[in-house]
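*Asks:* Got a sequence here, can you build the structure:
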Amino acid sequence: MVKKIKAPTRLCLYNAKSRKETLEFVASLYEYNEPRLKLDFSKTEEVTGAAAILLFAHINACLLYTSPSPRDRSLS
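*Replies:* Below is the predicted model:
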C-alpha cells in the first residue's frame, strides 16, 4: 500500500500560518521510509511560486537520495 500525505490548503511561504503548514508538509516527506509516497493535493487551493520551488527541490532531493547512483546501474 502506498502511503498518502495530504497537502495543506495553502502552500505558501509568505504568510506565517501557511509557512508553518508548508514547512511541516515538506518535512513530512522525510518521515517515511517507503519506496513510494502519494502526495494528495486534492484540498490544496493555492500554491505560491516560492512554495512550488521549495516543494520541487525537496521532491527532487528525495528522488536523488533514494535512486541508485548511475555507477550502480548496469549498462547492459
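*Asks:* alpha carbons only for contacts and neighbour counts from here, please
*Replies:* Fine.
*Asks:* three-state assignment of Y30?
*Replies:* When classified by DSSP: H, G, I helix; E, B strand; the rest coil, Y30 comes out as coil.
*Asks:* So what's the residue count around R36?
*Replies:* Counted with other CA atoms under 10 Å, residues neighbouring R36 total 13.
*Asks:* no wait, Y30
*Replies:* 12.
*Asks:* Look up how far K4 lies from it.
*Replies:* 13 Å (CA to CA, to the nearest Å).
*Asks:* Now the helix or strand hosting A61: buried residues?
*Replies:* Per DSSP states H and E: A61 is located in helix 49-66. Across helix 49-66, burial judged by 16 or more other CA atoms under 10 Å covers A51, L54, L55.
*Asks:* Pipe those into a markdown table and attach pLDDT and distance to T66 per row.
*Replies:* Listed next are those as a markdown table, based on pLDDT from 0 to 100; distance: CA to CA, whole Å:
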| residue | pLDDT | distance to T66 |
| --- | --- | --- |
| A51 | 98 | 23 |
| L54 | 98 | 18 |
| L55 | 97 | 17 |
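*Asks:* distance of the residue nearest in space to the middle of the chain from E46?
*Replies:* Centroid-nearest residue in the chain, with CA atoms, centre = their mean: I59, separated by 4.5 Å. Relative to E46, I59 is positioned 18 Å away (CA to CA).
*Asks:* Show the model's pLDDT score for the closest residue to K43 other than its chain neighbours.
*Replies:* Distances taken as CA to CA, 6 or more residues apart in numbering place T9 nearest to K43, at 5.6 Å, with adjacent residues excluded. Looking at T9, its pLDDT reads 97.
*Asks:* L13 now?
*Replies:* So, for L13, pLDDT stands at 97.
*Asks:* which SS class is it?
*Replies:* Secondary structure state of L13, per three-state DSSP, is coil.
*Asks:* Got the phi and psi for it?
*Replies:* The phi/psi pair for L13 (degrees, to the nearest 10) reads phi -100, psi -10.
*Asks:* That one contacts V47, correct?
*Replies:* No - using CA atoms under 8 Å, L13 is not in contact with V47; the gap is 9.4 Å.
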